[in-house]
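Trainee: based on what follows, work out the 3D shape:
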Amino acid sequence: MLTFAAMDRLTVREAAQTTGWSPRMLRYIEAVGLVAADRSAAGYRLYGPAELQRLRTLRELLTTHGVELSEVGFARRMRLDDRLRAAIDGWIVGAAHRPAAVAPAEWLRFEQHKHERLLAGLRTPTAAIPDPDDAATDATDDTDDTDDTDDTDDIDDPLTATHRGRPPRGTAKESA
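Mentor: Numbers count the residues shown, from 1 in each chain. Coordinates of the predicted model:
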């Protein structure tokens with residue numbers, strides 16, 4: 001067991017040694033809002049007994065229920081975001097419904113087309129994706145109707161698959 005000088009708070013390094021979480025992981029846990037450390041006058045993270053208990057019970061929660069830290073972070077986000085919670089609840093209880101304007105024989109092609117457009121948008125978020133079914137779209141039209149304000153590639157969101165350009169956990173890094 002590690003022992004520290006008599007004080008009522010631990011630094012991030014000491015808290016990492018005590019809890020088994022790395023300093024980097026402690027910062028991640030704080031970034032997603034699961035356990036917030038107090039700050040010293042100089043801005044250093046300080047962990048007291050309440051924070052250590054939350055870190056211990058967080059690890060127990062992950063182990064007992066076989067969930068990932070990102071899942072707990074997402075669950076917290078759902079509790080705080082009524083619109084997100086309603087959208088997910090609606091999707092879970094919802095059923096697939098063919099759009100009224102789509103004939104039953106065309107529904108599969110319609111859904112395939114929607115997926116193609118979705119995937120094309122994920123590969124090229126700022127490129128215009130023409131709708132071949134849209135008669136108003138002219139092949140010679142070179143105007144860009146896309147919204148270039150989507151900076152999702154630049155967001156440093158610890159709950160997303162990539163974080164600061166590193167590959168998602170569990171994937172092999174590309175060899176040079």
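
Trainee: ok, G90 to R79 distance?
Mentor: Going from G90 to R79 by C-beta to C-beta, to the nearest Å gives 17 Å. In short, each C-beta sits where N, CA and C put it, glycine included.

Trainee: how about E111?
Mentor: Distance of E111 to R79, computed by C-beta to C-beta: 32 Å.

Trainee: more crowded one of those two?
Mentor: Neighbour tally, E111 and R79, criterion other C-beta atoms under 10 Å: the higher count belongs to E111, 14 against 10.

Trainee: is it fair to say the more buried one lies in a strand?
Mentor: No: counting by DSSP: H, G, I helix; E, B strand; the rest coil, E111 falls outside a strand, being helix.

Trainee: got a list of what it touches?
Mentor: Contacts for E111 (C-beta atoms under 8 Å, 6 or more residues apart in numbering) come out as none.

Trainee: and it, what pLDDT?
Mentor: Looking at E111, its pLDDT reads 96.

Trainee: before we move on, what about L2?
Mentor: The score at L2 is 57. That number is its pLDDT.

Trainee: before we move on, what about A42?
Mentor: 95.

Trainee: state the number of residues packed around it.
Mentor: Other residues lying near A42 total 5 when counted by other C-beta under 10 Å.

Trainee: and it, what element?
Mentor: Using DSSP states H and E, A42 sits in no helix or strand.

Trainee: phi and psi next, for it.
Mentor: Note on A42: backbone dihedrals following degrees, to the nearest 10 are phi -90, psi 0.

Trainee: that one and A50, how far apart?
Mentor: Counting by C-beta to C-beta, the gap from A42 to A50 is 21 Å.
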